[in-house]
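>>> Pasting a predicted model and its sequence here:
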Amino acid sequence: MLQVQGIDTYYGPIQALENVCIEIGDREIVSIIGANGAGKSTLMKTLIGLCHPAKGTITFNGKRIETLPANKVVREGIVYVPEGRKILANMSVSDNLEMGAYSRKITRTQMQKDLESVYEIFPRLKEREKQLGGTLSGGEQQMLAIGRGLMADPKLLMLDEPSMGLAPIIVEEMFQTIKNISDDRKLPILLVEQNAFVALGISERCYVLENGKIALSGTSQELRESPEVKKSYLGG
């Protein structure tokens, strides 16, 4: 579904990504792990069109997209749930969710159907649908951010650090929900996550990003057993 070949991305004169190659298949959960500053979020921004690579190609469903702006990438079916949630704090839960469907031309009936679908996944959002987004707990805001992404009807969902700032028990629930979303909707997910333990627990394959380069890749099981990954990311 997604093929990234040899991309280099810069911030001015500073190179953030070098010769990065990844791929994601249909219905797959693929994780990218690495330390702070490794380039994980830059990779996400490059895939969604917020940054453009100086070199290399990004192919999605057979179409080259590396030069497209972000709004057109979303219309191709790639949806990005950013680090830090970036919800609209002064808008209600339901309005936040409806904003996720801005790129789709759908009827009010379809909008309501999609809202109910999100509420089935996250019942707490239904309970708080008239509440302002900024008054939600951290876990509820992450639910809202993911729900807003689902309202765009993605073909590929990209999640950037969904565990950030959440209590361990909430992280466990969140990642189980992410796995359920992928299974139930047959939806491929690209997961960028500093918490390597939980990322490797739900993904089929994983890439390790270090200093803007892919340092390791393989199945999640292989990387869980890798001495280097154990030492650097799993505390073993």
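Nice, I can see it.
>>> How about the backbone phi and psi for residue 28?
Dihedral pair for residue 28: phi -100, psi 150, per degrees, to the nearest 10.
>>> Touching, it and residue 206? I think so.
No: look at residue 28 against residue 206 with CB atoms under 8 Å: they stay out of range, at 11.1 Å. C-beta: built from backbone N, CA, C; applies to glycine.
>>> Neighbour count for the two, which is higher?
residue 206 (27 against 18; other CB atoms under 10 Å).
>>> OK, contacts around residue 155?
1, 61, 76, 77, 78, 187, 188 (CB atoms under 8 Å, 6 or more residues apart in numbering).
>>> and if you look at residue 34?
So residue 34 contacts 40, 194, 208, 209, 210 (CB under 8 Å, 6+ apart).
>>> Three-state assignment for the residue lying closest to it once chain neighbours are set aside, please.
In space, and not counting its chain neighbours, residue 34 is closest to residue 209: 3.9 Å by CB to CB, 6 or more residues apart in numbering. Assigned with DSSP: H, G, I helix; E, B strand; the rest coil, residue 209 falls in the strand class.
>>> So what sits opposite residue 209 in the bridge?
For residue 209, the beta-bridge partners are residue 214 (DSSP bridges).
>>> isn't it right next to residue 36, touching?
No: Residue 209 lies out of contact with residue 36 (CB under 8 Å); the separation is 11.2 Å.
>>> can you tell me the helix or strand for the residue lying closest to residue 208 once chain neighbours are set aside?
With sequence-adjacent residues excluded and distances taken as CB to CB, 6+ apart, residue 208 is closest to residue 216, at 4.0 Å. Residue 216 is part of strand 213-219 when elements are defined by DSSP states H and E.
>>> Convert whichever helix or strand comes after that strand to PDB, retaining C-alpha atoms only.
Scanning forward in sequence from strand 213-219 by DSSP H and E, the next helix or strand is helix 220-224. Output in PDB follows, covering the C-alpha atoms of helix 220-224 (Å, rounded to 0.1, in the frame of the first residue of the first chain):
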ATOM      1  CA  SER A 220       8.200  -7.200  15.700                       C
ATOM      2  CA  GLN A 221       9.100 -10.600  17.200                       C
ATOM      3  CA  GLU A 222      12.600 -10.500  15.700                       C
ATOM      4  CA  LEU A 223      13.200  -7.000  17.100                       C
ATOM      5  CA  ARG A 224      11.800  -8.000  20.600                       C
END
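>>> Quick one: list the elements packing against helix 220-224.
Counting contacts by 3 or more CB pairs under 8 Å, 6 or more residues apart in numbering; DSSP states H and E, helix 220-224 packs against helix 196-202, strand 205-210.
>>> Could you pull out the helices in this protein for me?
40-48, 70-76, 93-99, 108-121, 123-127, 138-150, 168-185, 196-202, 220-224, 227-233 (DSSP state H).
>>> Comparing these, which yields the minimum mean pLDDT?
Mean pLDDT per stretch puts helix 227-233 lowest among these, at a mean of 89.
>>> What residues of that one count as buried?
229, 232, 233 (16 or more other CB atoms under 10 Å).
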